[in-house]
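> Any chance you could fold what I've pasted below:
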Amino acid sequence: MLSSTKSERVRRIASLARKKERRAHGRFLVEGPQAVRELLVHRPDLVETVYTTLGSESWQVEVDRLASDAGVRLERATDDVIAAMSETVSPQGVVAVARSWKGSAAEAAAGARLVAILHEIRDPGNAGTVLRAADAAGADAVIFAGESIDPFHPKVVRSTTGSLFHLPVAVAPTLRDAVDAVRDAGLTAFAADVRGSDVLEARAAGELDGAVAWIFGNEARGLSEAERALADRSVRLPIYGAAESLNLATAASVLLYETAFAQRSR
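Residues are numbered from 1 along each chain as shown. Below is the predicted model of the structure:
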């Protein structure tokens, strides 16, 4: 039973809440039973250690079994230790340390028909929600471009509720790198932008039927003229009511599903 909140191991694990430490150690935190379950089921190769309290929670038996089946190291820890390791305010009794990866945009886009590119997305909740929506819509990959938030940020990992482990996730140094990768893979790049044409026009013209990559820009300023110019086409969601706009995650979810519908109704 790991019981000291001041141990070097606990401090090292807690430090993974910081990007600098995640990069230095090549590790990241996965918190909560749902995310840890998905990690153990879909990417057990990434797991270094799972730490859990010794309680009677409903998830305990399943997490223990999954860790055992995967040959993953499982350790017990006190509630205080789990809290000290966790980034969240209300830890749920289980934390995993996993190895991060460095998949390239080209690898992620190879053979894909639907890709989401997140360019300079800064809010972890937005990033995680878009990744989760991409997974739900059947997308083949998500690429974080430019100065977007780290996909291994604890809040991003939590907000994906496990989708981070379901599909390829890559990081591209610049938006141009991401667009070049998807275009080389045969996808058409669409910029989601309020100055673009109506998405229903694009769908009616059959433009969403093929392999598509959506570019979603920064929450506050969207995409610049130069960034939009990298895309093959700019497309917007129409606003039929009195709302000024849709937030990033909502708009991305609708556009990803519009494309999934179009691709499946050919």
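
> Look up how far residue 232 lies from the nearest residue in space to residue 93 that is not next to it in sequence.
Nearest residue to residue 93 in three dimensions, chain neighbours excluded: residue 53, at 4.3 Å (Cβ to Cβ, 6 or more residues apart in numbering). (Glycine included, C-beta is placed from N, CA and C.) Applying Cβ to Cβ, to the nearest Å, the value for residue 53 to residue 232 is 51 Å.

> between those two, which one's more packed in?
Remark: of residue 53 and residue 232, residue 53 carries more neighbours, 21 against 14, as counted by other Cβ atoms under 10 Å.

> Ramachandran coordinates for the more buried one?
Torsion angles at residue 53 (phi, psi; degrees, to the nearest 10) stand at phi -80, psi 160.

> surely it meets residue 94?
Yes: using Cβ atoms under 8 Å, residue 53 is in contact with residue 94, at 7.5 Å.

> and for those two, which residues touch both?
Here residue 53 and residue 94 have residue 82 as joint contacts, going by Cβ atoms under 8 Å, 6 or more residues apart in numbering.

> what about the stretch 1-150 of the chain, any weak spots by pLDDT?
Along the stretch 1-150 of the chain, segments meeting pLDDT under 70 span 56.

> gap between the closest residue in space to residue 141 that isn't next to it in sequence and residue 65?
Closest residue to residue 141 apart from its sequence neighbours, by Cβ to Cβ, 6+ apart: residue 108 at 3.8 Å. Distance of residue 108 to residue 65, computed by Cβ to Cβ: 31 Å.

> Those two - which one has more neighbours?
Using other Cβ under 10 Å as the criterion, residue 108 and residue 65 rank with residue 108 on top: 25 against 11.

> Let me see the ranges of the strands in the stretch 151-266 of the chain.
In the stretch 151-266 of the chain, the segments counted as strands under DSSP state E, counting those that start in this stretch are 169-172, 188-198, 212-216, 233-236.

> Show me what the longest one is in contact with.
Strand 188-198 is touched from outside by 117, 179, 182-183, 202, 207, 210-217, 222-223, 227-228, 230-238, 245, 251-252, 255, with contacts defined as Cβ under 8 Å, 6+ apart.
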